[in-house]
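> build me a model from this:
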Amino acid sequence: MIRASLLAAGGLLASFLAGVPSAYACGNVSIAEMNWNSAGVAAHVDRLILSLGFGCTAELIPGDTVSTFATMNESGQPDIAPELWVNALRSQLEPAFAQGRLVIGAEILADGAIEGWWIPKFLADAHPEIRTVQDALKQPNLFPDPSNPSQGAVRNCPSGWSCQITTENLYRALNAKDKGFSLVGSGSAAELDASLEKAFAEKTGWLGYYWAPTAIFGKHQMVKLSMGVPFDKAEWDGCTSVKDCANPKPNSYPTSQAFTVVTRRFADSAGPALAYLKARQWGNGTLNTLLAWQSEHNASNEQTALYFLKSHEDIWSAWLTPDIADKVKAGL
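Below you'll find the predicted structure:
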């Protein structure tokens, strides 16, 4: 019933927008719908609020961290990246901000984002000797590669994501291949999630890159392993985050940040809509729960955005002035 009502609500959006007064129009706006759930849901929340509240003609286009930054920086499209993880791009983002090509909005993940290599808590409980990644790499038998069970597996993040580069470099820096581990890629976030869900269902070992907030952290308990060394910013910027770095060294993940980033064109023409994008953020607890709801109901990003707007008015109305919030409520 919930799913059906959300589908119906989404279908009514276009007819409602036809009645939005032109005085509130902010023009055409393109929003990157990144290929992971938290950013995808955020993109639909932004589309709905910008459309219903500000009269924008908002469209979504597919994106990912590296390619979306590149096209925003080079050609000014799309206008908005709702959740851009900045660690792997910091050296390129800083001049883009300084030279005025891009404008920073809210730190959308209010608690910060978490990256690292993880194992399931049930495995950590059974093997308390595993506290670091180096400890895990001593026992490839605990983390079998499905395609070659005689080897261990380190799970990489999806193709095209910046974390694919950092995970590959750390895999090489830790000599994981020589320790009996394969680096197993993921074609998508769904494929990576499926490998982890299977590990929990079958109570088998799993080692690899993951991040929060996500639905997994709303459903399953995971333990982040220490990388065994402190974070080295110079190494991170100069090698860990650089594709095919020749001589990567072990490194820890920095405290991760995810910001909303907009183009200069949009910032200069958005008016009060820019203030919304500088205020809009949510906590990891809210987002983990929301993404777990999405997974449980097999809901799309749009349906999950509608569910959020209908059930968490107390959160999103604080991002808006009362008159704009009233317009969004009327549309919903």
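> next up, the contacts around residue 85.
By CB atoms under 8 Å, 6 or more residues apart in numbering, residue 85 lies in contact with 65, 113, 162, 163, 256, 257, 258. All C-beta spots, glycine's among them, are computed from the backbone N, C-alpha and C.
> quick one, phi/psi of the first one?
Put plainly, it is residue 65. Recorded main-chain torsions at residue 65 are phi -60, psi -60, according to degrees, to the nearest 10.
> I'd say it and residue 35 touch.
No - taking contacts as CB atoms under 8 Å, residue 65 lies outside contact range of residue 35: 9.4 Å.
> any shared contact partners between these two?
By CB under 8 Å, 6+ apart, residue 65 and residue 35 have these common neighbours: 160, 161.
> out of those two, which sits in the busier spot?
Neighbours per residue (other CB atoms under 10 Å) separate residue 65 from residue 35, with residue 65 holding more: 26 against 19.
> tell me how far the more buried one lies from residue 144.
Going from residue 65 to residue 144 by CB to CB, to the nearest Å gives 30 Å.
> residue 169 contacts residue 240, doesn't it?
Yes - counting by CB under 8 Å, residue 240 is a contact partner of residue 169 at 5.3 Å.
> what residues are shared contacts of these two?
In contact with both residue 169 and residue 240: residue 248, using CB under 8 Å, 6+ apart.
> so these two - more neighbours on which side?
Neighbour comparison, residue 169 and residue 240: the larger count goes to residue 240, with 27 against 24 (by other CB under 10 Å).
> quick one, what contacts the residue nearest to that one when sequence neighbours are not counted?
With sequence-adjacent residues excluded and distances taken as CB to CB, 6 or more residues apart in numbering, residue 240 is closest to residue 251, at 4.8 Å. Taking CB under 8 Å, 6+ apart, we find residue 251 in contact with 170, 173, 227, 229, 231, 232, 235, 236, 240.
> three-state assignment of the fourth one?
Just to be clear, that refers to residue 229. Secondary structure for residue 229, judged by DSSP: H, G, I helix; E, B strand; the rest coil, is coil.
> residues in contact with stretch 87-107?
65-66, 69, 72-73, 76, 86, 115, 162-163, 165-166, 236-237, 241, 253-254, 256-264, 266-267, 274, 277-281.
> and if we set it to 6 Å?
Outside stretch 87-107, the residues within contact range by CB atoms under 6 Å, 6 or more residues apart in numbering are 69, 73, 86, 162, 237, 241, 254, 256, 259-262, 264, 267, 277-281.
> give me the buried subset of the contacts of residue 85.
For the contacts of residue 85, a burial check counting by 16 or more other CB atoms under 10 Å picks out 65, 113, 162, 163, 256, 258.
> dump the longest helix along the chain to CSV, restricted to CA.
For the chain, the longest helix by residue count, based on DSSP state H, is helix 37-54. Presented in CSV, the C-alpha positions along helix 37-54 are these (Å, rounded to 0.1, in the frame of the first residue of the first chain):
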residue,chain,number,x,y,z
ASN,A,37,21.5,5.1,-2.7
SER,A,38,22.1,8.0,-0.2
ALA,A,39,23.1,10.4,-3.0
GLY,A,40,20.3,9.1,-5.3
VAL,A,41,17.7,9.7,-2.6
ALA,A,42,19.2,13.1,-1.9
ALA,A,43,18.9,14.0,-5.6
HIS,A,44,15.2,13.1,-5.7
VAL,A,45,14.6,15.1,-2.5
ASP,A,46,16.3,18.1,-4.1
ARG,A,47,14.3,17.7,-7.3
LEU,A,48,11.0,17.6,-5.4
ILE,A,49,11.8,20.5,-3.2
LEU,A,50,13.3,22.7,-5.9
SER,A,51,10.3,21.9,-8.2
LEU,A,52,7.5,22.2,-5.6
GLY,A,53,9.0,24.9,-3.5
PHE,A,54,11.0,27.1,-5.9
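> could you list every helix and strand that that helix packs against?
In terms of contacts (3 or more CB pairs under 6 Å, 6 or more residues apart in numbering; DSSP states H and E), helix 37-54 is packed against strand 28-34, strand 57-63, strand 80-85, helix 301-311, helix 322-331.
> how about a cut-off of 7 Å?
With contacts taken as 3 or more CB pairs under 7 Å, 6 or more residues apart in numbering; DSSP states H and E, helix 37-54 sits against strand 28-34, strand 57-63, strand 80-85, helix 272-279, helix 284-296, helix 301-311, helix 322-331.
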